[in-house]
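*Asks:* Give me a model of this one.
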Amino acid sequence: MDQSRTDRPAVPVGEQLDPEVVSFRAQFDQKSPLDELVREGARRMLQSAIDAEVEAFIAKHEDRRDESGKRLVVRNGSLPEREILTGAGAIPLKQGRVRDNTPDPEKRVTFTSNVLPAYLRKTQAIEELIPWLYLKGVSTGDFAEALQSLVGERAAGLSANVVVRLKDQWCVEYEQWSKRDLSGKRYVYIWADGIHAKVRLEDDANKKQCLLVLMGATADGQKELIAVLDGYRESEQSWSELLLDLKQRGLATAPKVAVGDGALGFWAALRKVFPETREQRCWVHKTANVLNNMPRSVQPKAKGDLHEIWQAATKANAEKAFNEFMEKYEAKYPKACECLKKDREVLLTFYDFPAEHWGHLRTSNPIESTFATIRLRHRKTKGSGTRRASLAMMFKLAQSASRRWRRLNCHEKIALVIEGRSFKDGILQDEIAA
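*Replies:* The predicted structure is shown next:
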């Protein structure tokens with residue numbers, strides 16, 4: 001049996017790959033006859049399981065027939081072949097395509113494979129696996145062991161230098177991304193936050209880093225990372241530089257709403273750069289700040305009372321719950337109540353937008369949940385080596401996470417927001433009039 005080679009994407013003209021990276025990748029190109037036998041056996045087993053799953057789904061819906069007795073749920077060819085990276089190597093697989101010909105789209109059934117999920121893909125190059133491991137908290141010196149368990153013993157030749165040079169490539173990618181043209185882009189909602197990190201290899205003055213992160217929702221409800229900047233704390237100057245840079249690169253239309261915590265720097269900068277954008281304070285951050293000014297014994301009850309405010313069905317009920325909270329706690333805990341009262345108006349902005357979007361607008365959770373992994377990475381390695389590496393790592397994390405970002409609920413109503421239509425308590429005013 002002839003030795004086979006693994007096809008790889010062509011390298012763009014003019015792009016030089018690091019020799020050590022090329023050497024490492026070459027180790028995976030040669031397959032022994034035994035490897036091929038194992039790989040073919042695994043392919044047949046997986047393909048049989050996938051085919052059986054499709055047939056079982058069609059048999060389950062055999063009773064769905066049209067007036068002439070023909071089946072409505074039928075197999076309709078196959079989806080394009082794709083390769084899955086396994087311990088036996090890259091395995092090509094095909095999944096049958098299932099069609100439901102039921103006239104009413106709402107009554108159609110959809111086939112989803114458990115054996116071959118839609119998100120499962122072959123890693124096109126080993127470089128894509130390395131950032132994932134790195135961001136999940138695997139230290140540079142542990143890559144060989146981690147990769148061996150994924151792609152076999154041949155990964156033992158991976159050196160720390162390969163990883164370091166790949167991180168340099170991420171930095172170049174970040175720099176190109178941070179200069180991209182934003183002409184024609186429009187973000188209806190934006191979320192802002194500062195991610196604090198430690199940097200090990202900088203001098204004392206630069207060991208603490210604040211990464212300014214801005215995410216946005218487009219007109220079709222998709223979430224995108226807009227910017228990541230190495231800022232000086234969360235100062236007005238740093239946020240102004242970020243927002244002005246977006247304008248200079250073509251982001252001409254102001255967002256309808258900005259969501260963030262109480263960091264004064266961002267809001268001061270926003271009012272100067274996009275004065276027409278409305279403000280919504282994050283209820284998660286506000287709740288934590290209020291409770292920090294109260295005794296532990298009182299916090300559970302107070303937290304429940306705060307939830308009564310932002311979970312109220314109408315703004316009038318929220319205002320009532322707000323007043324009740326002040327009457328109940330202001331005498332004994334004035335600092336906590338002052339913390340809440342100072343942002344009263346901007347805590348309730350979300351009531352003027354579609355109710356389906358409230359879950360997205362009340363908190364800066366889209367950023368918090370996405371970048372929780374970066375905190376894990378810093379705990380594992382006691383901080384990134386350099387400020388530049390932190391920026392690149394944040395960028396690669398967002399690239400990985402963006403494939404799982406959920407579209408906004410009822411995204412069709414974003415068009416109404418763009419049009420400037422009026423909402424009261426989450427309901428379109430035209431609907432009330434009707």
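*Asks:* tell me the SS of the spatially closest residue to residue 315 that is not a sequence neighbour?
*Replies:* Nearest residue to residue 315, sequence neighbours excluded (C-beta to C-beta, 6 or more residues apart in numbering): residue 351, at 4.0 Å. For glycine as for every other residue, the C-beta is placed from the backbone atoms N, C-alpha and C. Classification of residue 351 using DSSP: H, G, I helix; E, B strand; the rest coil returns helix.
*Asks:* Would you quantify the distance from residue 351 to residue 362?
*Replies:* Shown here: residue 351 relative to residue 362, a distance of 10 Å by C-beta to C-beta, to the nearest Å.
*Asks:* With residue 388 instead?
*Replies:* Residue 388 sits 35 Å away from residue 362, going by C-beta to C-beta.
*Asks:* need the strands for the protein, in chain order.
*Replies:* Here the chain has its strands, by DSSP state E, at 73-78, 82-86, 89-93, 96-100, 187-198, 208-218, 223-231, 257-260, 278-281, 423-424, 427-428.
*Asks:* for the stretch 51-200 of the chain, what are the low-confidence residue spans?
*Replies:* Within the stretch 51-200 of the chain, the stretches with pLDDT under 70 are 84-90, 115, 117-166, 197-200.
*Asks:* Any stretches of the stretch 251-400 of the chain with poor pLDDT?
*Replies:* Ranges of the stretch 251-400 of the chain meeting pLDDT under 70: 371-386.
*Asks:* give the contact list for residue 428.
*Replies:* The contact partners of residue 428, taken as C-beta atoms under 8 Å, 6 or more residues apart in numbering, are 354, 413, 416, 421, 422.
*Asks:* Measure how buried the spatially closest residue to residue 114 that is not a sequence neighbour is and give me the count.
*Replies:* Of all residues not flanking residue 114 in the chain, residue 53 sits nearest, at 6.8 Å (C-beta to C-beta, 6+ apart). As a burial measure, residue 53 scores 17 neighbours (other C-beta atoms under 10 Å).
*Asks:* could you measure residue 53 against residue 98, distance?
*Replies:* Residue 53 is 10 Å from residue 98, by C-beta to C-beta.
*Asks:* Could I get the full set of helices for the stretch 101-250 of the chain?
*Replies:* For the stretch 101-250 of the chain, the helices defined by DSSP state H, counting those that start in this stretch cover 126-135, 143-151, 160-177, 236-248.
*Asks:* that older thread, how about the contacts made by the residue nearest to residue 315?
*Replies:* Residue 351 makes contacts with 314, 315, 318, 358, 423, 424, 425, 426, as judged by C-beta under 8 Å, 6+ apart.
*Asks:* Dump those residues into a markdown table; add distance to residue 188 and neighbour count as well.
*Replies:* Compiled in a markdown table, the contacts of residue 351 are given as follows (distance: C-beta to C-beta, whole Å; neighbours: other C-beta atoms under 10 Å):
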| residue | distance to residue 188 | neighbour count |
| --- | --- | --- |
| 314 | 23 | 13 |
| 315 | 21 | 17 |
| 318 | 23 | 21 |
| 358 | 15 | 15 |
| 423 | 13 | 21 |
| 424 | 19 | 13 |
| 425 | 20 | 15 |
| 426 | 16 | 18 |
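*Asks:* Just the ones of those in helices?
*Replies:* Those of the contacts of residue 351 mapping onto helices are 315, 318, 358, per DSSP state H.
*Asks:* can you tell me which residues contact the second one?
*Replies:* Contacts for residue 318 (C-beta under 8 Å, 6+ apart) come out as 309, 310, 312, 348, 351.
*Asks:* which of these are buried?
*Replies:* Using 16 or more other C-beta atoms under 10 Å as the burial test, the contacts of residue 318 include 309, 310, 312, 348, 351 as buried.
*Asks:* Where do the domain boundaries of this protein fall?
*Replies:* 31-124, 174-424 (automatic domain parsing).
*Asks:* Make CSV from the ones you listed and add distance to residue 430 to it.
*Replies:* Rendered in CSV, the data for these read as follows (distance: least, C-beta to C-beta, whole Å):
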stretch, distance to residue 430
domain 31-124, 25
domain 174-424, 7
